[in-house]
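Q: turn this into a model:
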Amino acid sequence: MQELVRAGVTDVVVSPGSRSQALALAAVALERAGGLTVHVRLDERTAGFFALGLAVETHRPAAVVTTSGTAVANLHPAVLEAHHSGVPMIVLSADRPDELRGIGSNQTTVQPGIFGRAVAFVRDVEAPSAHGVDASVRDTLRTLARQAVAAAAGHTGQPGPAQLNVAFREPLSAGLAPEHVSPVPDDEVDLVFATRRAHTGLPVAELTPDDEPGTVVIAGHDAGEDAERIAWELGAPLLAEVSSGARFGRNLVVAYRELLRDPDHGGAVRRAVVLGHPTLSREVPALLQRDGVETIVVRGPAADPFDPARASRPDAATTFVSDVRVTGRTRPEHRAWVGRWVGASRRILGDGDAGPDLDAKRSADRAARNKFLRDEVALRRRPVDRAMLAEAVWGVTWPHDRLVLGASQLIREADARVLGKKIRVHANRGLAGIDGTVSTALGIAAALEQASASVGTTRVLLGDLTLLHDLGAFVTGTEERTHRVQVVVGNDHGGAIFRGLEVAKTTPEADMRRMMSTPQHVDVERVVTGLGWEYRRAATWGDLERVLTDPAERVVIEVPLAD
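A: Below is the predicted model of the structure:
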């Protein structure tokens, strides 16, 4: 454990287990000595996603400790997400020694390589001998720790999960003397070594603003702020997904889906520069699959390169690069090209619900003032729909906060509606799975609070099914720190996202409800309060405005959604 700390690991997530007791007790002893933070989660599935959240915020791998058997398998969803999104993670799986494998021993299965191709670095570590740990063994362990951290951080390939499968013989804590564990000196801790690295080995693309404007910059999930710079320097519209990290700036086009379908806008695109992993629309892949569109993809940390053109045109020549350097200057034609997109987007979005006329509030005419009061009361009593909910949560989130979006209809609503703001947004879009969202947010919150004296709020916006897929996240041991998290649940009693599928037009409504939408009537208040969280309900716009500014530390806000 000390060697992982020396290699830059600052956080360890532990789930209880017998075979892993030496790892767990060594971790907490090192935490007591200083230099490591230990987080205990009661089950391995939530522990894996909690570690994922820690790594998302810190950009360094968190280690997750499990006992043997199905405990290791329960990490698989989080490991897959980490692999496909390029998030560093180190699995420390405890195991039986060689002599107990393959003979039917309890809680024993084949653990090395259990995650398949999702883990590029796997080492099966022999059980310590009775002679203890000598200098040569210590050197071997140091090398293993650095190799695992290097693999997770992306030194030699794409960043992602690594596995050290560590065998132990009974007595399982023999030789462990926690009182003798000393901290690793600060000058020996290499945080830079553990920090996630961008893909290397690809050229830097040198691009110039096109002679006849026809370029767009597409920012998918985890694209980063650089996408905004590139769009500005190229004089190109910025089509930035809500979790891209680039949803801001003068070139931002919010209603990009509608405009990509428009022949006068999407039909005029001849070059696309792509950063991150676009997942929230069908229009972006369709554009890149079209003949005559030059595609330059900045290779991100994800396991697979984003190359949708290969699905329909195996001979398509997508150019992969490590970065984009823009040379040359834009001209008035480029500003006009961007202006066409931005202006059209604003017209599509409209003014929204402008609410009561504020001029009428100050009017000398009593009738006008009374109308203002009636309009204001009507607005505050108005039921909340998905667009209102997404915009409200976006509106109260600021740079010192974090926003986590679940894989539900709400992330698409936010992507289609919310305006530019430079805030940190995360969503598990590597595989876009519904599970582990709250656990991931708790890991993000834990890392945020460790790093910042002025703690912001970590907000989670998700649907009811996404909430139910991660109820274990709400269970926290009494010895553990709690975190400032606000979970906002848009409850429409089922999977509304399936209503938009083509199959909904040809399938009997009853079959769609039972087999796809899976309606449910869980009493959210009883569930979350029973697990120790506070509960608020916001059935109207006025309620929502009030509860989103509630100072409660751990609160679930249920919002019944109006269709």
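Q: secondary structure class of the residue nearest to residue 81 when sequence neighbours are not counted, three-state.
A: Spatial nearest neighbour of residue 81, excluding adjacent residues (CB to CB, 6 or more residues apart in numbering): residue 430 at 4.7 Å. Where you see a C-beta, it was placed from the backbone N, CA and C, and this is true even at glycine. Under DSSP: H, G, I helix; E, B strand; the rest coil, residue 430 falls in the coil class.
Q: which residues are in contact with residue 430?
A: 80, 81, 82, 83, 84, 85, 86, 87, 277, 302, 303 (CB atoms under 8 Å, 6 or more residues apart in numbering).
Q: from residue 436, how far off is it?
A: Between residue 430 and residue 436 the distance, using CB to CB, to the nearest Å, works out to 11 Å.
Q: one more: residue 490?
A: Counting by CB to CB, the gap from residue 490 to residue 436 is 18 Å.
Q: ok, now residue 266?
A: Counting by CB to CB - residue 266 and residue 436 are separated by 34 Å.
Q: more crowded one of the two?
A: A count of neighbours by other CB atoms under 10 Å puts residue 436 above the other of residue 266 and residue 436, at 27 against 22.
Q: and the nearest residue to that one once chain neighbours are set aside, how many neighbours?
A: Nearest residue to residue 436, sequence neighbours excluded (CB to CB, 6+ apart): residue 49, at 3.3 Å. In terms of burial, residue 49 registers 32 neighbours under the definition other CB under 10 Å.
Q: secondary structure element holding residue 49?
A: helix 44-58 (DSSP states H and E).
Q: quick one: strands adjacent to the next helix or strand after that helix?
A: Later in the chain than helix 44-58, the nearest helix or strand by DSSP H and E is strand 62-66. Using DSSP bridges, the strands paired with strand 62-66 are strand 11-14 (parallel), strand 89-95 (parallel).
Q: so what touches strand 62-66?
A: Contacts to strand 62-66, defined as CB under 8 Å, 6+ apart, come from residues 4, 9-15, 17, 20, 23-24, 27, 44, 47-48, 50-52, 54-55, 72, 74-75, 78, 89-94, 443.
Q: try it again with 6 Å
A: 4, 9, 11-15, 20, 23-24, 44, 47-48, 51, 54-55, 72, 90-93 (CB atoms under 6 Å, 6 or more residues apart in numbering).
Q: could you do stretch 80-93 as well?
A: With CB under 6 Å, 6+ apart, stretch 80-93 has contacts from 23, 51-52, 55-56, 61, 63-66, 72, 111, 118, 148, 152-153, 158-165, 196, 301-303, 428, 430-431.
Q: show me what contacts residue 381?
A: Contacts of residue 381 (CB under 6 Å, 6+ apart): residue 540.
Q: what pLDDT does it get?
A: Looking at residue 381, its pLDDT reads 78.
Q: just residue 318 next, same as before
A: On pLDDT, residue 318 comes in at 92.
Q: give me the neighbour count for it.
A: 18.
Q: next: the one 3 residues further on.
A: One way to gauge burial is a neighbour count; for residue 321, by other CB under 10 Å, it gives 18.
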